[in-house]
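J.: What shape does this take:
(chains A and B)
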Amino acid sequence: MTPVPALDSIDGVIQALAGAGYQAHRRLATAVFLSLRLQRPLLLEGEPGVGKTELAKALSQVLQRPLLRLQCYDGMEQREALYEWNHAAQLLHMRAAQDHAHVDEVERELYQPKYLIRRPLLQALQTPAPGAVLLIDEIDRADEPFEAFLLEYLGEYQVTIPELGTITADSTPVTILTSNRTRDLHDAVKRRCLYHWMDYPERDQELAILRAKVPQASQTLAEQVALFVSRLRSQAFSNAFQRGPGIAESVEWAKALVALDTLQLDPEVVHDTAGILFKQREDIAALQPMITDLLAPEAAS
Amino acid sequence: MQLGDARTGKLADNIAAFGRALRRAGVPMDSSRIALAQTAAMLIAIDRKDDLAAALECVMIGQEQDRTVFAQMFEAFFRNPELAHKLLAQMLPQAQESAKAAVPRRARVQEALRAVATAKNRPPAKEDEVELDAAMSASQAIRLHHADFQSLNASEYHLVEQLARTIPLALPQIKGRRTQAGSMGHRLDWTRAMRDAARHGGELIRLPHLQRRQQPLPLLILIDVSGSMERYARLMMAFLHQSTRQVPRSVFAFGTELTDLTGPFRMADTDDMLLAVSEKIADFAGGTRLGLSLGQIRTKHQRQLVGRRTVVLLITDGLDTGSTNDLSQELSWLKRHCRKLLWLNPLLRFDGYAPIASGAQVLHRHVDGSVAIHNMARLQDLAQAIKRLLKT
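T.: Numbering: from 1, shown residues only, chains lettered A, B, ... in the order given. So this is what the prediction gives:
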């Protein structure tokens, strides 16, 4: 087992994350560093595909802690997020104990930890040292009552189960929340978290990501892809599209280009693979007339 | 500027002052955040200014909109505190102004006071009923002629409040995915069954059920504030502000451009809301470019139409000055992304109204239904019509 890299400085965080294949901006690294040191949850907001979820994965790798993921969705309830009793086992227990045990005893025995089904939040609290990385993904998809339910966890790293009492974290889990801003989160959640807005990466950084994720792509191709995508996101072009391509898309695109044995971008290949960058018919149509401008060599721009 | 040593407290003081400055600039800030920011600053090596900025930002800011204010304030504060004071001084008169504007009594308070003063001379009139018709029939109402976004006067206020309270705007509900105890569902409530059974020596005497909880569909309200709509827009906003309180809603005003009113609509008081709205809308009583405004919804606020569940209320007379082709495209996009698209049209009151204006024709083609809103005293009809249209 390799030793945990030094995370005692911002540079240390950047290097460690880079070691896990995640190119972090210095701002982001500062937020991560503080979140680790202050033991506060980190709320990441940003456009889809800027690497919010990836950060949690990379962190779990760097810290060598298991990653627990809670994917939020509309109508999520306590039993999917925190715990549920194993009712079938409880029923069997009751049947077995029915004849010889006293009623009070049956009731007490029914709520033992062995009949508890642990869901991600509880798992995160009970993971033995060094603890877990808990990713609460797309929290904006869950509804507001669920946010309120999370407050106890986010503030104190503990949860309360009526039958068992309060469960406190054995070792503080590193908690990452992500949101795509389909709605505003409540202030109470934000107050308990550090906040970081993730932008699309700079071109050099994107190039580094492409080189790391798609090593088969030639330097020229990776540079061209980074330039093309960064131009797409620039003010001049981005207004034409409903949704600009994220990093995930540019990585996918680079992979596709490699698969097609492309050595250099040309209008035709861009035209043929536009479906990887954009997922809307209107956006693909809007891209067509711009391809030549977007592919213009840098000196001309 | 020398930042000083954190341990001597100079940096800590600076951060506290910085936090207060941010608060004055309108960023939500409490002392626990300031304390956390001080701790954070101690943890990082503060020889790099950008690190300090990043550290303070992730502790002190909670939403993307505040980032620009933060960046400017940080730049000013930690480079040149004098400049920061000037910056604040620039901001302050505005804040004081708006504070002053709020201090003079609201129209309804003043009216109420006046009413007390003259009550002796006047017999108690059946003012409410009379006012109701006069205020709401849009044709002759002089009081509504100056319908800029000032606060409501007393009679209007009562009327709106009364309407909002008495008329159940039957906004649709759907069965959500959350459950609650109830007899209408098919799923067994095992947790409760076990608890009961344990109490009865392991005997399952009755099987409690879970049913799906009803939840309201989110609303997207688009209000035309162009010249031709000005007399309706304000009262409609006041009415919707009160009657759709329980519903998750996004509100936008459009004229020549789009203004996000969701923030003002979160205010509790309708007068506060109208004040904030009038401050926000730059193009009140101008022209209408519906296509362009819808385009802005599509590009910037698309996420609010998540899951095709949103009910869109489009309040306009359809006298659009933009291109009909654009409008048609935007409307068909909007229709694909919402559950129902309803057009509330004040011109529908005229007998034999036909959508002749080109914009109105396009609207007529795309919407799921249109409702007349010219006479708000009969909002009852509106509520009924909405209910009927949403059922189909």
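
J.: ok, now which ones touch the closest residue to chain B within the stretch 201-301 of chain A?
T.: Proximity of the stretch 201-301 of chain A to chain B (Cβ to the nearest Cβ) peaks at A:Q242, 6.0 Å away. Just so you know, the C-beta spots here come from the backbone N, C-alpha and C atoms, and that holds for glycine as well. By Cβ atoms under 8 Å, 6 or more residues apart in numbering or on different chains, A:Q242 lies in contact with A:280, A:282-283, B:298-299, B:302.

J.: Isn't B:I174 up against B:Q214?
T.: Yes - proximity of B:I174 to B:Q214 meets the contact threshold set by Cβ atoms under 8 Å, at 7.3 Å.

J.: about what we covered before: from the contacts of A:Q242, which is closest to B:G263?
T.: Taking Cβ to Cβ as the measure, B:G263 lies nearest B:Q302 of these, at 18.7 Å.

J.: Any part of stretch A:8-25 near chain B?
T.: Yes - applying Cβ under 8 Å from any Cβ of the partner chain, one finds stretch A:8-25 touching chain B at A:9-10.

J.: distance between the ends of that stretch?
T.: With Cα to Cα, to the nearest Å applied, stretch A:8-25 spans 17 Å between its terminal residues.

J.: Ok, stretch A:110-128 next?
T.: 25 Å.

J.: before we move on, what about stretch B:266-284?
T.: Distance across stretch B:266-284, first residue to last, is 21 Å (Cα to Cα).

J.: and B:R177, what element?
T.: Using DSSP states H and E, B:R177 falls within strand B:173-181.

J.: Adjacent strands (with direction) for whichever helix or strand comes after that strand?
T.: Per DSSP H and E, the first helix or strand lying C-terminal to strand B:173-181 is strand B:187-188. Strand pairing for strand B:187-188, using DSSP bridges, gives strand B:209-216 (antiparallel).

J.: What lies in contact with the helix or strand that the partner strand is followed by?
T.: Going down the chain from strand B:209-216, the next helix or strand is strand B:219-224, by DSSP H and E. By Cβ under 8 Å, 6+ apart, the residues outside strand B:219-224 that reach it are B:171, B:229, B:233, B:236-237, B:240, B:244, B:247-255, B:261, B:288, B:290, B:293-294, B:297, B:304-305, B:310-317, B:338.

J.: Direction-wise, compare the helix or strand following strand B:219-224 with strand B:219-224 and give the angle.
T.: Remark: after strand B:219-224, the chain's next helix or strand is helix B:230-243, criterion DSSP H and E. Going by axes from the mean of the first three to the mean of the last three Cα atoms, to 10 degrees, helix B:230-243 is angled at 160 degrees with respect to strand B:219-224.

J.: what about helix B:230-243, average pLDDT?
T.: When pLDDT is averaged along helix B:230-243, the result is 79.

J.: what's that helix packed up against?
T.: If you count contacts as 3 or more Cβ pairs under 8 Å, 6 or more residues apart in numbering or on different chains; DSSP states H and E, helix B:230-243 packs onto helix B:154-166, strand B:219-224, strand B:249-254, helix B:270-280, strand B:311-315.

J.: CA atoms only for that helix, dumped as CSV, please.
T.: Output in CSV follows, covering the C-alpha atoms of helix B:230-243 (Å, rounded to 0.1, in the frame of the first residue of the first chain):
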residue,chain,number,x,y,z
GLU,B,230,-49.3,47.5,-17.9
ARG,B,231,-52.7,47.8,-16.3
TYR,B,232,-53.0,44.1,-15.8
ALA,B,233,-49.4,43.1,-15.0
ARG,B,234,-49.2,44.6,-11.5
LEU,B,235,-52.4,43.2,-10.1
MET,B,236,-51.8,39.9,-11.7
MET,B,237,-48.4,39.7,-10.0
ALA,B,238,-49.9,40.7,-6.7
PHE,B,239,-52.6,38.0,-7.1
LEU,B,240,-50.3,35.3,-8.2
HIS,B,241,-47.8,36.2,-5.5
GLN,B,242,-50.4,35.5,-2.9
SER,B,243,-52.4,32.6,-4.4
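
J.: Check the contacts of A:Q242 for burial and list the buried ones.
T.: Among the contacts of A:Q242, those classed as buried by 16 or more other Cβ atoms under 10 Å in any protein chain shown are A:283, B:298.

J.: confidence score at B:Q150?
T.: With respect to pLDDT, B:Q150 scores 47.
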